[in-house]
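Student: 3D, please:
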Amino acid sequence: MQIVIQPLRSSQNCTSSTSPYQVFSTCNILCSEASVSVTAPAVTILWHDVAVTWLLAAKQKAGWLGTWLGQERLLDRGEELTLPKAIEISQQFEMSQKQMKIVREEEAKVSVVTVKPKHATHNKKMYKGQTKPTHNKQNPDKRQRSCTSCGKDAEHKWSKGKCPAKGSVCSYCHKPNHWVAVCRKRAVNTVDIAPDQDSSEEQILDINLTQDDRSEDDKWTVNLDILSQEVLFRIDTGAKCNTLTLDRYQLLMHEGELKRSSTVLRSYSNHKLKPVAAVDLLAKYKTREVSAEFEIVDIAQENVLSGVTAEALGLIVRLHSVQKTDEADKIHNTNEYFGSTSSLSVSSGLIEFPELTRTTGTLPGTYTIKIDPDARGVVHPVRRQPAALKAKIIEKLNEMVEDGYITKVDQPTEWVSSMVAAVRNSKIRICIDPSDLNKVIKREHHPMRTIEEVVSAMPGAKVFSVLDAKSGFLQIKLDEASSLLTTFNTPIGRYRWLRLPFGLKCAPEIFQRIMDEMLEGVTGAISVMDDILVAAPTEEEHDAILRKVVERATSYNLKLNFNKCHIRQPAVPYVGHLITADGLKPDPVKIKAVQHMSRPTDKDGVRRFLGFVTYLSKFILNLSKVDAPLRQLLKKDVEFTWQPAQQKAFARLKELCTRPPVLQFFDPSKPVEIFCDASSNGLGAVLLQNGQPIAFSSRSLTDAETRYAQIEKEMLSIVHACAKFHNYILGTHVTVYNDHKPLEDIFKKSLLSTPMRIQRMRLRLQWYDLTVKYRRGKDMELPDTLSRAQLSECTPEIDGLECVSMLSYVSVSDQKYTELKERTREELNCLLQTIQSGWPDRRRDAPVPVQPYWDSRSQLASSDGLIYKGLRIVVPPTMREHMLKLIHQSHLGMVKSKQRAREVLYRPGMSAEIEEVIRNCSKCADFQNKLPRHPLKPTETPELPFEEVASDLFEFNGKQYIVLVDYYSKFIEVDELKDIRSRTVIETLKAQFSRHGIPSLLRSDNGRQYSSEEFKNFCESYGITHKMSSPHTPHSNGEAERAVQTVKRLWSKAADKHLALMDYRTTPLESVGLSPAQLLMGRRLRNKLPAARALLIPAAYDHLKVKRLLDNTKCTQKFYYDSKRAGNPPVALKPGDEIRMQPYPGSSKWSPGVVVKPYSAPRSYVVECGGKQYRRNSQHLRRSTAAANSPHHYMCDDQWTEPPSLSEESHTSCFPELSRSNPNTQVLPESSSSVAPSAQAQLQRTTRLGRVVKPPDRLNL
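Tutor: Down below sits the predicted model:
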């Protein structure tokens, strides 16, 4: 097969208006499937006087040549095109087409990014064709197009030619037959993240998508080099993303991977467009290169370059704008650094020192924070952060790690501060609360210059410049030890600062010292904190000094904030003053609040203004003469009429208050005070030293700020004052006076315990060393007058605080949030009004409904209709029960439930309410923990040996044994049993009794051997009183249990069991000094140890003394047992009391029941559960206020039947586990009755040093 290409001449069929596509179409192409060859090496086409040499290559069937994009791509190659290159281009184009097809088919899974609260609602209706506007005729792509008049599908349901927009007039361009939604003249020049409530989770960005037709404003277009091709873009300074049309992207023949786009673009007319993909490309402009992300859009529009990318490429430069005509604003906003009128501007300044723009802001050396050597570290726990901010906090932490500001901490540190995340202008700022660390930091006490020292160092200066250091403190590196001091907790672990953080009280003096070292030896340059002043008599001298300063800054790697620099000015604001060629003048900003003060409109206004002036009366001569016309208005019989005399006096007084000797220059060596106040619609502040004003300030509140709580307004007045007087107060201690007393407590509390809005304000104050004090309102004439006659402007220093939305911190559904707001408005309206207007000075003056909130008044604030205590929502009364159910829905315990509630909710008495709910919860009552052990109840020591004994059975090495122990002598008898029938036990006990005598009292557990009728008859026949312990209370038979433990331990280690028992019986008891054998038999037993015969002679001992010693031992045991283990005094129960009985093996629930009657033994009761009666120790019974929630009660098989024995007493005492190192220390059981009064008197003992030890006095519970 051959492809025959017939050349065309410009005289044939080609005209100046012929398009490349038309020229290409006129070529005669012959093609077959057999082979490909070329008969003509080239064809030259003359078109628009440009020679284009091209060679056509094709694949089988020449399918790719059918697209105009492929043809255009070959035409672009010109003479460089070869056959292999043409085939390669065709293959790349096919791969690109396939990849784009895959991207279109995949669904992007992204998350919504909004700046408005989730609770806003928006219209979700969209027209089908709104994202696919009309294409050019040259584009052969067969897509569904939308109507250019109404925006709907071109195929209307109405009859042909009857578009619904026909006859309408656009409200934007005022032209007929189209709607404003599709108006072509409606354009967007600003781009912001837009709120949206559509169900799709995608990032929605506003974008200026203009039509492809060219306007006269071509100066905002630029050609960028992308993949060695020039691509035309329109610069949109407000756009948040770059866009590239699909057609233009395909021409680039990009071989890299495409990404699924997470963005939805929205035009000014609210039309939405979903990009088909996103791609990262390297854009070049002249000498600059920037890697940027481009959204690929399938629409015939211009390519858009965002403001961020344009600034990175150097296409745009931020300049200070001058919008106000006020003298003060001109001085502070004019920036000639980039102006063409300055000989030292961009061309002569930055270009001469290009390295200045590349400084990283890392000053040389490291700083060591010096603290008190005796200081003890303070570790703050991790604070919970709002769920809505957690992801942003983590992202910001990672960003700060990459920037070298912080790093992860994996080792133990003595100091750990709390982290606080502040949100300002949709950006996260990570801060710490170093209040504890500041208490032990040693200050540098580096001298801070006065303004007089600055001026005197520059005589005759007429040309001035001010350079501002950017983020000054963060340019100082910390050494390892100091960095560890700044460790702070975050939700993902601990971090430490590598740079000097804001908030440390030593930071200002450190930075001042470094700046002084940097400028040392440079005459004509001086620094006060981060502001460097350059001054000289002539321009030439000024420029030379400035070059030296820039060189020093470059050598120190100091980063400057060019937006705040003032270069080569005849007057510059510096440290709160105005430095001019004529000398030092007051900064117009600091006196504008008084100069522009509006005149009083009533007598109260006159009274406030005169109070303002009277405060300064000692500095004003002939005040009574000047203010006489104003005082005339305050007379009772005089009607308020503002005449020229009053206006003249008013203006004269304002003039006197804003010039010396009233207004003084700032002196850092004198103490600094700030008086600030907030009214219902304004803020006022004055800076004083020794009672004389240094500067005044006032401003009006924004609409949002007028709805702040009074405490928030007062805090805002402090923030406003510190922002205005920043240059004066930074680095020195300041006493702030305010007439809102709760503010004193706010500054004493931790940062995170305050309401969110106040918390953010306090973050702004961390730079300063403040002490806030309360002062009565009548003593605050100066700020009170300024706040009520405030300026109408709002200073930009605090714009970030005006709009603080608590909504993003509330994790709740829309419905519940609305309900909370409605209930709060209805039920807590009085509290809302009190918070808004301010709390009275005394509790009794507060309205009765709000008095329960008095103790928390300094932490209460309102936002968006809800009341908060810190970050905790105040619960309306009618929602109390619902919130309590939510708190306890998982049936956590009291402590956990209260902790859970205290994190998010607040209500007076909430803890008591939670406890009551849990006590009444039947589900929790079913699955309670065991009760703590009761205090020990010792038994009375018997008067005689073998008078009271205890018995128990045990198994050792597969054999059954019975043990018998004497309560008096602790003598142990052990016999092996052939079986454990009741008859065998009785016969063994008879043998033991035959050796030592019949006891008066026998104690045992409830084993069937001891509870049988046969054993009962045996005891009756022998005259023995038998007492059984309560079921499942083995420690009630503690003497026998301890004897079993002793025997098992001895036998486990001894080769001869009998010798082991004999050694135990012949070993003296520690508390008495006599062995069990001596106490029982009155003599020592002969054993293998050699002993004098005299020791084996029977000898009598003092029984009373022994009894007293045994009682003292029991008293000591009770004291230590109760102090370490016991924590649950027994509760006296009465017949009919509802109880819960502790579960036993085979049961998982505390069974509900009722007390039938107290049993004859102490702490023992007969209870009825599930229709059966049981005997239980009070250790296993819990008084219940919760009703049974289930008819099924899982009971154990120890149903109790009252035995018809002579004594129904049961031993119910608790016994301690004794130390293994002292086997002779006995576990004491409880007696059937309390210790006799005579024995109680003997329980106290006297030590060898004469100290009397006696048991503590306790309530008889």
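
Student: Near E943, how many other residues are there?
Tutor: 12 (other Cβ atoms under 10 Å). No exception for glycine: its C-beta is placed from N, CA and C like everyone else's.

Student: In contact with it, which residues?
Tutor: H1103, K1107 (Cβ atoms under 8 Å, 6 or more residues apart in numbering).

Student: Am I right that it sits in a strand?
Tutor: No. In this structure, E943 is coil, not part of a strand, as judged by DSSP: H, G, I helix; E, B strand; the rest coil.

Student: Distance of it relative to T641?
Tutor: 108 Å (Cβ to Cβ, to the nearest Å).

Student: and what of E1014?
Tutor: 117 Å.

Student: which one of these two has more residues nearby?
Tutor: Ranked by neighbour count (other Cβ under 10 Å), E1014 and T641 place E1014 first, with 12 against 8.

Student: how about that one, secondary structure?
Tutor: Assignment for E1014 (three-state DSSP): helix.

Student: That one and R1008: what is the separation?
Tutor: Relative to R1008, and taking Cβ to Cβ, E1014 is found at 10 Å.

Student: if I look at the two, which residues touch both of them?
Tutor: S982.

Student: What confidence value was assigned to L584?
Tutor: Looking at L584, its pLDDT is 69.

Student: And for K978?
Tutor: Note for K978: predicted pLDDT of 92.

Student: show me what contacts it?
Tutor: T984.

Student: domains in the protein, as residue ranges please.
Tutor: Domain assignment for the chain, taken from automatic domain parsing, gives 20-105, 197-312, 332-586, 590-801, 807-919, 922-1261.

Student: Turn these into TSV, columns for distance to C163.
Tutor: As requested, these are exported to TSV (distance: least, Cβ to Cβ, whole Å):
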stretch	distance to C163
domain 20-105	30
domain 197-312	17
domain 332-586	41
domain 590-801	43
domain 807-919	38
domain 922-1261	67
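
Student: can I assume N489 is in contact with V378?
Tutor: No. The pair N489 and V378 does not pass the contact test of Cβ atoms under 8 Å, sitting 11.9 Å apart.

Student: higher neighbour count, those two?
Tutor: A count of neighbours by other Cβ under 10 Å puts N489 above the other of N489 and V378, at 19 against 14.

Student: That one and W415, how far apart?
Tutor: Separation of N489 from W415 (Cβ to Cβ): 11 Å.

Student: What of S1011?
Tutor: On the measure of Cβ to Cβ, S1011 and W415 end up 65 Å apart.

Student: out of these two, which sits in the busier spot?
Tutor: With neighbours defined as other Cβ under 10 Å, S1011 and W415 compare such that W415 has more, 21 against 18.

Student: Wait, that one touches L437, no?
Tutor: Yes. Under the criterion of Cβ under 8 Å, W415 makes contact with L437 at 5.9 Å.

Student: Show me whatever sits in contact with both of those two.
Tutor: With contacts taken as Cβ under 8 Å, 6+ apart, W415 and L437 have V378, L485, T486 as neighbours in common.

Student: so what's the closest residue in space to the last one that isn't next to it in sequence up against?
Tutor: Of all residues not flanking T486 in the chain, W497 sits nearest, at 4.0 Å (Cβ to Cβ, 6 or more residues apart in numbering). Contacts for W497 (Cβ under 8 Å, 6+ apart) come out as Y405, I406, I432, L478, S483, T486, F488.

Student: May I have the phi/psi pair for the last one?
Tutor: Comment: the main-chain dihedrals of F488 come out as phi -140, psi 150, following degrees, to the nearest 10.

Student: Pipe the contacts of W497 into CSV and attach distance to K175 and secondary structure per row.
Tutor: Formatted as CSV, the contacts of W497 follow (distance: Cβ to Cβ, whole Å; DSSP: H, G, I helix; E, B strand; the rest coil):
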residue, distance to K175, secondary structure
Y405, 55, coil
I406, 58, strand
I432, 59, strand
L478, 65, strand
S483, 66, helix
T486, 64, coil
F488, 61, strand
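
Student: Looking at those, which one is closest to V594?
Tutor: Among the contacts of W497, I432 lies closest to V594 (Cβ to Cβ), at 38.0 Å.

Student: how about the closest one, what does it touch?
Tutor: Counting by Cβ under 8 Å, 6+ apart, I432 has contacts S417, S418, M419, V420, T486, F488, W497, P501, G503.

Student: Out of those residues, list just those in strands.
Tutor: Counting by DSSP state E, the part of the contacts of I432 found in strands is S418, M419, V420, F488, W497.

Student: Just name the closest of the residues you listed to E955, please.
Tutor: S418 (59.4 Å).

Student: Give the burial count for H888, as a bare number.
Tutor: Count around H888 with other Cβ under 10 Å applied: 21.

Student: any idea how far S911 is from it?
Tutor: 13 Å.

Student: can you pull out the strands in the stretch 751-900 of the chain?
Tutor: 769-774, 860-863, 866-869, 872-874 (DSSP state E, counting those that start in this stretch).

Student: which residues sit against the third one?
Tutor: Contacting residues not belonging to strand 866-869 are listed as 755-756, 806, 810, 820-821, 824, 828, 831-832, 835, 856, 859-862, 873-874, 906 [Cβ under 8 Å, 6+ apart].

Student: that older thread, okay, the shared contacts of W415 and L437 in CSV with pLDDT and distance to K240 next?
Tutor: Listed next are those as CSV, based on pLDDT from 0 to 100; distance: Cβ to Cβ, whole Å:
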residue, pLDDT, distance to K240
V378, 88, 43
L485, 90, 40
T486, 91, 35
